[in-house]
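K.L.:
predicted model and sequence follow; I will ask about them next.
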Amino acid sequence: RFPTGELAGHSLGNLIIAGLTEVTGNFGKAIQIAQELLEVHGSLYPSSLVPIILGARVGDRRVEGQVNIMHTRGIDSIYTDPDNPKVPNAVLRAIASAKTIVAGPGSLFTSVLAVLAVPAIRESINASSAKKIYVVNLKPQELETSGFDISDHVKALVKHNFTPDLILADDSFIAPGDADRYCRSIQSELVICPLANKFGILHDPELLADAFRKYA
């Protein structure tokens, strides 16, 4: 993300996709081109092909826009406008055929719950018999999740009607809080193990893959 200037708070990846959408006039096509340019393995699908405004309820007020939400404390819940956007059939087919569904790692409210706030996606995931895994972010994000422990992350997911079967969290950076007791109450398994790279700022792909193989 750009730290300062007119682009402060925006990520390079989002800007690339926005630029490709402007050029092609089609968000789905922009995703496909970005995937080819970056030589991404697997398939990427947008949660919707219509423009969506991401919003957050904070007490008795509302905050709209990803960057604005990132800089907000005390978020109660996330919503989308429109509230029930049309989801591509390819997304629903991929969810229906999945054996494992992984949410995260990523920003709790502006990435993970931004997708789960789309009703058709959330309902399709909840209807699936696949094992559902949540990977907790390595560190609290300033303002958005300041002061959050692992239990706060899981409680936010449950509040948005997503209860993971397995929660994976690194063993160093975010405090557990009452996560163990809370996870037992919702019948979720909690595993805390080494997942960060040596710099502690990103998940180590090999450690994460090992955790999936061992616990999923």
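P.N.:
Arrived safely.
K.L.:
end-to-end on stretch 33-42?
P.N.:
Across stretch 33-42, the terminal residues are separated by 14 Å (C-alpha to C-alpha, to the nearest Å).
K.L.:
kindly report the same for stretch 124-144.
P.N.:
27 Å.
K.L.:
now swap in stretch 154-172 and tell me
P.N.:
17 Å.
K.L.:
hey, which helix is longest across this structure?
P.N.:
helix 12-24 (DSSP state H).
K.L.:
okay, that one in CSV with CA atoms only?
P.N.:
Output of helix 12-24 as CSV, limited to C-alpha atoms (Å, rounded to 0.1, in the frame of the first residue of the first chain):
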residue,chain,number,x,y,z
LEU,A,12,-0.8,-1.5,-6.0
GLY,A,13,-2.8,-4.6,-6.9
ASN,A,14,-6.1,-2.8,-6.7
LEU,A,15,-4.8,0.0,-8.8
ILE,A,16,-3.6,-2.4,-11.5
ILE,A,17,-7.0,-4.1,-11.6
ALA,A,18,-8.8,-0.7,-11.7
GLY,A,19,-6.6,0.4,-14.6
LEU,A,20,-7.2,-2.8,-16.5
THR,A,21,-11.0,-2.4,-15.9
GLU,A,22,-10.8,1.1,-17.3
VAL,A,23,-9.0,-0.1,-20.4
THR,A,24,-11.1,-3.2,-21.0
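K.L.:
pull out the buried residues from it.
P.N.:
Of all the residues in helix 12-24, those buried under the rule 16 or more other C-beta atoms under 10 Å are 17, 20-21. Where C-beta positions appear, they are placed from N, C-alpha and C, glycine not excepted.
K.L.:
just the buried residues of whichever helix or strand comes after that helix, please?
P.N.:
Where DSSP states H and E defines the elements, the next helix or strand beyond helix 12-24 is helix 27-37. Buried residues in helix 27-37, counted by 16+ other C-beta under 10 Å: 27-28, 30-34.
K.L.:
let me know the secondary structure of residue 132.
P.N.:
strand (DSSP: H, G, I helix; E, B strand; the rest coil).
K.L.:
touching, it and residue 125? I think so.
P.N.:
Yes. Using C-beta atoms under 8 Å, residue 132 makes contact with residue 125 at a distance of 6.8 Å.
K.L.:
I'm done for today, thanks for sticking with me.
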